[in-house]
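**Student:** no FASTA, just this:
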């Protein structure tokens, strides 16, 4: 069995025993590290109210929501429009607002430089996204995407 298949099977098995958010965070952290990533985030937005489960630093997630970055985050905006997973990070945002570039610059200081996001459609206009992130440049993320596309899609859903 390939590493990615083993990682996914371990994820499925461990989810059966996760009984709360902390359990899910432990399971998700373990599988994404096996796939070569450092952090994950599951963000759900319903009725303009965000909910987050993540391994991102709490100081970053608090700042992100205090400044309402979910409203301007290009990754969240793209996840709301697209159906397939996508890689992000690296280059400055062409034509993007200064606030968006500041968001990415700040995220980098917390070890979030690039990643892959799986958009999730929840019905009635609600969206969610499962993101895996790393402090590595986008080139490394592109390689990890090529190696793990199917597993990331399944884990995200």
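**Tutor:** In hand now; what should we look at? It should be emphasised that the depicted structure is a prediction, and the values quoted were computed from it without experimental measurement. Numbering: from 1, shown residues only.
**Student:** what about the residue nearest the centre of the chain, which SS state?
**Tutor:** Nearest residue to the geometric centre of the chain (Cα atoms, centre = their mean): residue 131, 1.2 Å. Following DSSP: H, G, I helix; E, B strand; the rest coil, the label given to residue 131 is strand.
**Student:** From what I see, it and residue 43 are in contact.
**Tutor:** Yes: at 7.2 Å, residue 131 counts as touching residue 43 under the criterion of Cβ atoms under 8 Å. C-betas here are computed from N, CA, C, even on glycine.
**Student:** For this structure, which residues score under the pLDDT cut-off?
**Tutor:** For the chain, residues meeting the criterion pLDDT under 70 lie at 1-5, 7-8, 12-18, 90-96.
**Student:** now do 80
**Tutor:** 1-20, 23-24, 46-49, 90-96, 122-125, 138-142, 144, 147-148, 151, 154-157 (pLDDT under 80).
**Student:** same for the lengthiest helix in it, what does it pack against?
**Tutor:** Secondary structure of the chain per DSSP state H: the longest helix is helix 138-156. With contacts taken as 3 or more Cβ pairs under 8 Å, 6 or more residues apart in numbering; DSSP states H and E, helix 138-156 sits against helix 3-17, helix 21-34, strand 86-89, strand 114-123, strand 126-134.
**Student:** Touching whatever helix or strand comes next after the second one from outside, list them.
**Tutor:** Using DSSP states H and E, the helix or strand that follows helix 21-34 towards the C-terminus is strand 39-46. By Cβ atoms under 8 Å, 6 or more residues apart in numbering, the list of residues contacting strand 39-46 from outside reads 28-29, 32, 50-56, 61, 70, 76, 111-112, 122, 126-134.
**Student:** Could you tell me which of those count as buried?
**Tutor:** Buried by 16 or more other Cβ atoms under 10 Å: 28-29, 32, 50, 53-56, 61, 70, 76, 112, 127-134, out of the contacts of strand 39-46.
**Student:** Pop out the phi and psi values for residue 68.
**Tutor:** Dihedral angles of residue 68 (phi, psi; degrees, to the nearest 10) stand at phi 60, psi 40.
**Student:** Reformat the helices and strands packed on helix 138-156 as TSV; add distance to residue 143.
**Tutor:** Shown next, in TSV, are these (distance: least, Cβ to Cβ, whole Å):
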stretch	distance to residue 143
helix 3-17	13
helix 21-34	15
strand 86-89	10
strand 114-123	11
strand 126-134	11
